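1. generate coordinates for the sequence data below:
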Amino acid sequence: MVKFKRVESRAEWELLSEKAGEVWREYFPCCLSREQIEYMIEKFQSLRAFEEQAREGYEYYFIEVDGAVGGYMGIKLHSDRLYLSKFYILRDFRGRGYGRKSFDFLKEKARAAGVRKIALSVNKHNASSIAVYQKFGFRVVDAVVRDIGNGYVMDDFDCEADI
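-> As a prediction, the model looks like this:
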């Protein structure tokens, strides 16, 4: 059974940070250097970063599968769209339909908020994630390079889907 649990307590924020480090170190050597991965974990996926993002209006959810954390997502509502800031499924939970259930959950959140689009950014070299997003109706709307400091950039496609 899949449930979506909003991250709220200090212990949950710490667990989120732990899971983020796990998935980033496992998955992103496909398209980023080890040094950039560590930099981005600290900048965007650490306990401090998550707490700061929550103060800025981001909501985080665990993707729980039979009581275990199978992944997580971070979202922020804008006036015209729901922005999917983070979406990660841990290795042992991939390929089991949890992505589809997660996007159904996101569509419900968007509809409840009165918006008709979901937007996200994805690394241009992350072919497997791009394929998943396309399967769920996302299309590329822009190609961007964002300076994130320390000599690193995010070389992304901005994507969106109508719901």
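
2. would you map the strands across the protein?
-> Ranges of strands in the chain, per DSSP state E, are 2-6, 59-65, 68-77, 82-89, 117-123, 139-149, 152-162.

3. tell me which of these sits nearest to Phe50.
-> Nearest to Phe50, of all the strands of the chain, is strand 59-65, at 6.5 Å by Cβ to Cβ. For the C-beta atoms, the positions are set from N, CA and C on the backbone; glycine is no exception.

4. could you pull up the mean pLDDT of the closest one?
-> The pLDDT scores in strand 59-65 average 98.

5. and that strand, how far out from the chain's middle?
-> 11 Å (Cα atoms, centre = their mean, to the nearest Å).

6. could you dump it to PDB, C-alpha only?
-> The C-alpha coordinates for strand 59-65 follow below in PDB (Å, rounded to 0.1, in the frame of the first residue of the first chain):
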ATOM      1  CA  GLU A  59       6.000  21.000   1.200                       C
ATOM      2  CA  TYR A  60       7.800  17.600   1.400                       C
ATOM      3  CA  TYR A  61       6.200  14.200   1.300                       C
ATOM      4  CA  PHE A  62       7.500  10.700   1.900                       C
ATOM      5  CA  ILE A  63       6.400   8.100  -0.600                       C
ATOM      6  CA  GLU A  64       5.600   5.300   1.900                       C
ATOM      7  CA  VAL A  65       5.300   1.700   0.800                       C
END
